[in-house]
Every structure is written in structure tokens, then in C-alpha cells.
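Undergrad: predicted structure and sequence below. I'll ask about it afterward.
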Amino acid sequence: MSSLPRDAARKRVTLTKLAEMRALGEPIVMVTAYDHPSAKVAEAAGVDIVLVGDSAANNVLGYADTVPVTVEELLMLTAAVRRGLRAPMLCGDLPFGSYEASDAQAIATAHRFVKEAGCDCVKLEGGGASAERARAIVRAGVPVMGHVGLTPQTATALGGYRAQGRTAERALDVLEDALALQAAGCFAIVFEAIPAGVTDVVMEHMEIPVIGIGAGPSTDGQVLVLHDLLHIHEDAPQPKFVRRFADVHGEMLRGVEAYAAAVRAREFPGEEHSYGIAPEEIERLKAQLRTKATQPA
């Protein structure tokens, strides 16, 4: 049985709370989810942070990758998640093309996620110029979560979906990106697909919470996509860092197959699934129809 809190009155997770958890060595639990029912599950399970990631593009919207998803699409999904959350912090992912052009663009997009979708914070990918965008957003009053290592929005430039920092030079790049985001005022950073040994070294330089996904156990917390950890997609690729904690796809398939079989066998719906009417009302209906049939058109 899970030991995570299920108290409906659980206090909201704040930036201060996350910093305290890091200081106390309490692991931070983060999931990526995209709709209201999933948000309700995350709430009940006692998750600390829910990210509405741009991976909604391929996990729920049918795109081949994350690049095509729009701000409007993510705002709709994020608002739905907001309506299902009370305690967890809600983080909105800024999609590709919505923050890179200028500080003004980045601030405007971040403000939309806060005002229109109810986000507590936003996330953006990469170091370098992204650190400057993060700094501008933070100065404009919106907390920012960074993201280094494998950054899916620019995976092509990184040589595909593969681990980053596997040479000393590339590991140094990861460290420098993380330090730049930390200096820019990010309250936390996601480390994705980074060798565990590199993460161990980089963590010695971090002063803010680090959430890992395929980055080893030494981070301050972990994040997985709900669709991955629950095995919702049968044909979705399974990265090395994913562990399946349930087989939702299998249960969904068995349920729908059982429903189809029951309909075809005329076993469903049964009497218990049908609404009743008093016999005398049926007789009155039949009488009215007989009377109507004898009347001239």
C-alpha cells in the first residue's frame, strides 16, 4: 500500500516547501500529466509537482514529436489539469517557438500560462540563451524551472533522443547550462538522460532542487510521464529510464474487448442497466397510439 499522503486538506506545495524538502533530503515526486482525470489521480496520490509537458504533443494529441504543439493547445490541457489539483504545484511547459525569439516573447507566454491556465510556474529547455529568457521571466514575476541534458525540443541538434554528457566535454556543457539556469534565478532544474556519474558531480554544485529523469538516483526528486509509468500506450517507445508501475493499456484493452463482446452477444445492456416505467403508463401509451392511428390525417 502506498505511503503517500491522501489527505484532501494537504497544504499546497510552494517554492519554500520544495527548498525545505531538498534541505531535509526528502525526495520530490513529480509527474507529467495532461488532463483532469490524471490530475485527480496525482492529487490523490500525494504528488508534489505536476508538469503539463509539451510531450502532450505525442502522448495525447497524436503528433510525431513535441515541436508542433501550440501554446493554445497546451493552455487548454493545463487549465484542465489545474481544475483537478489543490495541493501539488502546477508547472506549464513553454512549447517550442514560444520563448526563444526575445525576452518580451518569453514573458508574454509565461504570463499567459499563469493568467489563463492557473500555473504556479513554467518550464523551459536548455541553457545559453534560454538562461537569459529564464532570468527575464523570473524578473517578470513568474517562477521558472529549467531543463538540461536531453532537451526534446532540440533533440535533432543533439543527435537524437540519446543520453547527454557522455564525454568530459559534454558533461562540462551540462554543468555550465545548469549553473547558468541556477544563476538566472530558476527555482529548480530537470536533468534528463544524463549519466548518473555526471549527475553526481554536477549535484555538488547545485543549490536548488534538481528533478531527474534518467539522471540517476542522486537528484532531489524524480519525474516520469504518467502515460509511461502506467503503460497507457502499447506502441510507444520505452526509454531506458522508464519503469512501468501498472499496465493501464492492458486493462483498457481487456475492458473494451469485454464490452464489445457483451454487446455482440446481447448480454448488455441488461435489465439492471435499463430505466423502468409503470405498466399502466405503457398501456396508456399504446391506447394513445391506437387512437391516433384511427384519426384521419
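TA: Perfect, I can see it now.

Undergrad: spatially central residue in this protein, please.
TA: T32 (2.2 Å; CA atoms, centre = their mean).

Undergrad: next one: phi and psi at it?
TA: Note on T32: its backbone torsions stand at phi -100, psi 120 [degrees, to the nearest 10].

Undergrad: same question for A184.
TA: Dihedral angles for A184 - degrees, to the nearest 10 - are phi -80, psi -10.

Undergrad: tell me which element the nearest residue to it once chain neighbours are set aside is part of?
TA: What sits nearest to A184 in space, not counting adjacent residues and going by CB to CB, 6 or more residues apart in numbering, is R135, at 3.9 Å. In short, each C-beta sits where N, CA and C put it, glycine included. Using DSSP states H and E, R135 maps to helix 129-139.

Undergrad: elements contacting that helix?
TA: Helices and strands touching helix 129-139, by 3 or more CB pairs under 8 Å, 6 or more residues apart in numbering; DSSP states H and E, are helix 103-117, strand 144-149, helix 168-183.

Undergrad: next, count neighbours for D228.
TA: D228 has 23 neighbouring residues, counting by other CB atoms under 10 Å.

Undergrad: and the pLDDT at P237?
TA: On the pLDDT scale, P237 is placed at 71.

Undergrad: begin at 47, not 1, for the rest of this chat.
TA: Yep, numbering from 47; the last one is P283 now.

Undergrad: and it, that's in a helix?
TA: No. Counting by DSSP: H, G, I helix; E, B strand; the rest coil, P283 falls outside a helix, being coil.

Undergrad: how much space separates it from R56?
TA: Here P283 is placed at a distance of 35 Å from R56 (CB to CB, to the nearest Å).

Undergrad: now do R289
TA: 25 Å.

Undergrad: what's the answer for D281, then?
TA: Taking CB to CB, one finds D281 at 36 Å from R56.

Undergrad: the two - which one has more neighbours?
TA: In this view D281 and R56 are compared by other CB under 10 Å, and R56 has more residues nearby, 14 against 5.

Undergrad: excluding chain neighbours, what is closest to that one?
TA: A133 (4.3 Å).

Undergrad: so who does that neighbour touch?
TA: 56-59, 89, 92 (CB atoms under 8 Å, 6 or more residues apart in numbering).

Undergrad: and the gap between it and L270?
TA: Applying CB to CB to A133 and L270 gives a distance of 19 Å.

Undergrad: out of the helices and strands packed on helix 175-185, nearest to K169?
TA: strand 190-195 (4.2 Å; CB to CB).

Undergrad: the closest one - contacts with which helices or strands?
TA: strand 167-169, helix 175-185, helix 214-229, strand 234-238.

Undergrad: can I get the helices and strands packed on helix 175-185 in a markdown table with mean neighbour count?
TA: Below are those laid out as a markdown table (neighbours: other CB atoms under 10 Å):
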| stretch | mean neighbour count |
| --- | --- |
| helix 149-163 | 19 |
| strand 190-195 | 28 |
| helix 214-229 | 18 |
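
Undergrad: so which bits of stretch 68-86 are buried?
TA: By 16 or more other CB atoms under 10 Å, the buried positions in stretch 68-86 come out as 68, 74-82, 84-86.

Undergrad: swap in stretch 134-151?
TA: 134-142, 144-146, 149, 151.

Undergrad: next: stretch 247-264.
TA: Buried-residue list, stretch 247-264, by 16+ other CB under 10 Å: 248-249, 252, 254-262, 264.
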